[in-house]
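[1] Please find the sequence and the predicted model below.
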Amino acid sequence: MVSGAIKRYGVHFEDNFREQDNFTPEVTHQVAPEVTKIISILEGDINTKDGISMSRKQIQLALGLKDEKHFREAYLKPALAGGFVEMTIPDKPNSRLQKYRLTPKGVQLHLCLLI
């Protein structure tokens with residue numbers, strides 16, 4: 001069910017069942033802490049269609065990280081691979097105008113983290 005790339009970047013999904021009067025399936029998300037940090041930075045206004053978008057540098061500064069390579073490998077790539085964050089210009093990943101925003105999956109995870 002989960003691709004090797006997503007497993008490698010620390011995003012895992014498990015199906016858990018809670019026993020009550022009947023069995024209710026619950027999906028729990030175990031996400032790397034770095035991914036949840038990016039999601040909290042990009043949360044924006046969940047009521048808008050697009051939310052907010054930020055450049056790599058803006059996100060990195062908001063997280064207080066200095067090393068670009070560490071940020072890219074430990075934070076950005078896992079969030080992209082997990083489908084929680086998307087590029088605003090996916091056809092040009094190296095564009096100087098590139099920004100990142102939450103996907104609907106990222107918004108759902110953010111709402112789950114608030115509970």
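    Structure received. Numbers count the residues shown, from 1 in each chain.
[2] Could I get the average pLDDT for the helix or strand containing Gln58?
    Assessed by DSSP states H and E, Gln58 sits inside helix 56-63. On average, the pLDDT along helix 56-63 is 94.
[3] Which elements pack onto that helix?
    helix 33-42, helix 68-71 (3 or more Cβ pairs under 8 Å, 6 or more residues apart in numbering; DSSP states H and E). C-beta: built from backbone N, CA, C; applies to glycine.
[4] I'd like to know how far Ile52 sits from Glu73.
    Relative to Glu73, Ile52 is positioned 24 Å away (Cβ to Cβ, to the nearest Å).
[5] Who is Val85 paired with across the strands?
    Counting by DSSP bridges, Val85 is bridged to Leu102.
[6] show me the contacts for it.
    38-39, 42, 76, 79, 100-103, 106 (Cβ atoms under 8 Å, 6 or more residues apart in numbering).
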